[in-house]
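S.K.: I'll drop the sequence and a predicted model, then ask my questions.
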Amino acid sequence: MITTDTVRAPAGTVVGRREGRVRRFLGIPYAEAPVGVRRFAAPVPRGRFTEPYDAARHGATAQAVPLSATTTIPEPSVPGDDALNLGVVAPVDAERCPVLVWIHGGGFLAGSPASPWYDGRSFTRDGVVTVTVGYRLGVDGFAPLDGVPANLGLRDMLLALDWVRENIAAFGGDPDRVTLAGQSAGGAAVLALLASPAARGRFQRAVSISGGFFEVGRDTAHGFLARLGERLGVPPTREGFGGVGMAQLQRAVGDVRGEEVLVLGPVTGDDILPVSLAEGLAGHGLDVPLLLGATSDEFDGGGRAGAAADAAADADADVAANATAWSARAAGTRVTDTLFRAACPRAARLRREAAAGTWLYSFEWPSPTTGGATHCVDIPFFYDVLDAPGVPAALGPRAPQELAASMHADFVAFVHGRRPAWAQATGELGDTAREYGRPGAAPAADVTGGYDPVVPAAAEAC
């Protein structure tokens with residue numbers, strides 16, 4: 001049975017919904033709507049609600065239209081102006097529980113915090129409050145335009161973290177035990193904020209899932225914006241893009257982007273990222289424990305490789321088609337290795353002086369649908385939501401629940417403050433990485449062991 005649930009927080013009265021032991025408060029604005037004069041401006045904290053705020057459903061998303069027709073993760077677009085909102089999913093009777101703040105992916109161009117894969121119901125079972133954040137995307141969030149503060153999307157995330165510090169205790173969360181986590185662009189945002197002096201003190205632990213050093217050079221961004229402005233018939237300026245509707249602008253971004261992987265994203269040289277991400281990671285956030293890793297295939301789909309191998313074995317196979325298949329796999333391998341997997345030991349090497357520690361993992365389970373341990377297929381395991389919409393289409397009908405239980409338990413343990421039992425990484429050859437779903441092994445097998453059985457006293461509070 002679903003009933004209403006009311007919380008009185010510093011932000012005002014918020015009315016959500018309770019279903020069993022799960023409380024959901026969705027679409028809570030943490031900033032004023034980024035429209036009009038605020039469209040290309042730093043986010044402004046939302047004023048206190050003067051009337052009870054109805055948080056029964058997901059709020060507007062910065063994604064007006066999806067970047068592509070088919071995505072692995074279900075990513076609904078919700079219309080509206082109040083895109084700077086967040087959702088809170090909390091256990092009933094929670095009191096000073098650790099908090100997981102989740103940043104969604106989408107290449108900094110798309111993605112949606114309203115995905116059913118990001119529902120925190122399994123975390124409530126384990127005494128964790130989950131917060132899912134919406135932030136500005138594409139041109140509005142990451143275009144380095146004259147007269148516009150850089151890294152607006154990262155500034156949105158920082159303001160959301162401020163909201164968490166001020167309000168999450170009212171929902172049963174502990175503002176002093178916040179883990180910032182994200183996947184893909186969200187994982188890259190975690191690394192960027194870890195490297196940012198502006199983020200200091202806003203979170204105590206960090207998890208980067210298939211993230212990387214996704215900073216974009218200003219010349220690259222300006223070149224893309226010039227082509228985008230030409231496509232739209234507007235100057236590549238704040239005024240030019242400000243006159244284009246969000247849906248039209250995002251469609252044009254998808255068309256002009258083509259096969260380019262990173263065209264907009266965090267840029268350096270401002271107060272948020274004054275130096276490169278590498279320099280920032282070596283000098284900031286060293287007191288924050290970091291767990292990071294990637295899937296073994298990411299954009300290197302095993303299905304494409306299998307098709308190419310079959311074609312090669314067929315004497316009558318079309319040579320051009322075979323070459324195309326292998327070319328696609330080679331391109332995917334380059335993206336997988338350079339953007340994702342190589343970033344893990346690199347981050348560990350930059351943080352080798354971090355007393356807080358850095359730990360690596362690798363997701364190895366091959367989805368029978370995608371043909372490999374590809375980008376995004378690990379998320380339902382981390383969240384333990386194998387029954388969520390869209391999961392069978394991505395993972396097939398028999399995704400191993402044992403693996404989901406193992407991965408989710410590790411994620412929960414880290415959020416609760418427990419120390420991974422496997423060796424810390426230093427970025428050198430021979431670093432240990434916890435493996436998940438290695439082919440030929442039991443579904444939950446790994447080569448390193450799990451988490452330290454000793455639970456810090458602070459983790460017992462919830």
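M.R.: On my side now, so go ahead.
S.K.: from here on, contacts and neighbour counts on C-alpha atoms
M.R.: Noted.
S.K.: in terms of secondary structure, what does the longest strand anywhere in the chain contact?
M.R.: Criterion DSSP state E: the longest strand present in the chain is strand 173-183. Applying 3 or more Cα pairs under 8 Å, 6 or more residues apart in numbering; DSSP states H and E, we find strand 173-183 packed against strand 97-103, helix 152-167, helix 185-194, strand 205-209.
S.K.: contacts for the third one, please.
M.R.: With contact meaning Cα atoms under 8 Å, 6 or more residues apart in numbering, helix 185-194 is reached by 102-108, 154, 180-182, 199-200, 206-214, 266, 273, 277, 280-281, 284-285.
S.K.: for the second one, same thing?
M.R.: Contacts with helix 152-167, where a contact means Cα under 8 Å, 6+ apart, come from 9-11, 30-31, 40-43, 45, 84, 86, 101, 133-137, 140-142, 175-176, 189, 193, 199, 202-203, 266, 272.
S.K.: same check on stretch 275-289?
M.R.: Outside stretch 275-289, the residues that touch it by Cα under 8 Å, 6+ apart are 191-192, 194-197, 200, 203-206, 213, 215, 268-269, 273, 347, 350-351, 353-358.
S.K.: end to end, how far does that stretch reach?
M.R.: Start-to-end span of stretch 275-289 (Cα to Cα, to the nearest Å) is 21 Å.
S.K.: check stretch 88-101 too.
M.R.: 9 Å.
S.K.: buried members of the contacts of stretch 275-289 into PyMOL, please.
M.R.: Listed next is the PyMOL selection for buried residues among those, using 16 or more other Cα atoms under 10 Å:
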select buried, resi 191+192+194+195+196+197+203+204+205+206+213+215+268+273+347+350+351+354+356+357+358
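S.K.: the contacts of stretch 275-289 in strands, which ones?
M.R.: Per DSSP E, the subset of the contacts of stretch 275-289 in strands is Arg205, Ala206, Thr358.
S.K.: so which of these comes closest to Met407?
M.R.: Comparing the ones in strands among the contacts of stretch 275-289 against Met407 with Cα to Cα picks out Ala206 as the nearest, at 16.1 Å.
S.K.: quick one, helices of the stretch 351-462 of the chain?
M.R.: 379-383, 391-395, 401-415 (DSSP state H, counting those that start in this stretch).
S.K.: which of those helices is buried the deepest?
M.R.: helix 379-383 (a mean of 23; mean count of other Cα atoms under 10 Å).
S.K.: report whether Val15 is found in a helix, as I expect.
M.R.: No: going by DSSP: H, G, I helix; E, B strand; the rest coil, the assignment for Val15 is strand, not a helix.
S.K.: ok, it touching Pro52?
M.R.: Yes: at 6.5 Å, Val15 and Pro52 qualify as touching, with contact defined as Cα atoms under 8 Å.
S.K.: among the two, which residue is more densely surrounded?
M.R.: Val15 (20 against 13; other Cα atoms under 10 Å).
S.K.: bridged to that one, which residues?
M.R.: Note on Val15: beta-bridge partners Thr6, Asp54, judged by DSSP bridges.
S.K.: any idea how far Glu51 is from it?
M.R.: For Val15, the distance to Glu51 - Cα to Cα - is 10 Å.
S.K.: just to revisit the earlier point, mind putting the helices of the stretch 351-462 of the chain in JSON lines, mean pLDDT included?
M.R.: Converted to JSON lines, those look like this (pLDDT from 0 to 100):
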{"stretch": "helix 379-383", "mean pLDDT": "97"}
{"stretch": "helix 391-395", "mean pLDDT": "95"}
{"stretch": "helix 401-415", "mean pLDDT": "95"}
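S.K.: any chance of the ones you listed in CSV with distance to Arg227 as columns?
M.R.: Formatted as CSV, the helices of the stretch 351-462 of the chain follow (distance: least, Cα to Cα, whole Å):
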stretch, distance to Arg227
helix 379-383, 34
helix 391-395, 34
helix 401-415, 42
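S.K.: residue contacts, Gln204?
M.R.: Contacts of Gln204 (Cα under 8 Å, 6+ apart): Asp176, Arg177, Val178, Thr179, Leu180, Val288, Pro289.
S.K.: give me the neighbour count for the second one.
M.R.: Spelled out, it's Arg177. Neighbours of Arg177 (other Cα under 10 Å): 22.
S.K.: now do the first one
M.R.: By the other Cα under 10 Å criterion, the neighbourhood of Asp176 contains 16 residues.
S.K.: which residue packs closest to it, ignoring adjacent ones?
M.R.: In space, Asp176 comes closest to Gln204 once its chain neighbours are excluded; the distance is 7.2 Å by Cα to Cα, 6 or more residues apart in numbering.
S.K.: how much space between that neighbour and Gly390?
M.R.: Going from Gln204 to Gly390 by Cα to Cα gives 32 Å.
S.K.: where does the prediction get shaky in the chain?
M.R.: For the chain, the stretches with pLDDT under 70 are 302-336, 440-462.
S.K.: try it again at 90.
M.R.: 1, 66-71, 258-261, 299-342, 421, 428-432, 438-462 (pLDDT under 90).
S.K.: wait, isn't Pro43 in contact with Ala31?
M.R.: Yes: with contact defined as Cα under 8 Å, Pro43 counts as touching Ala31 (6.1 Å).
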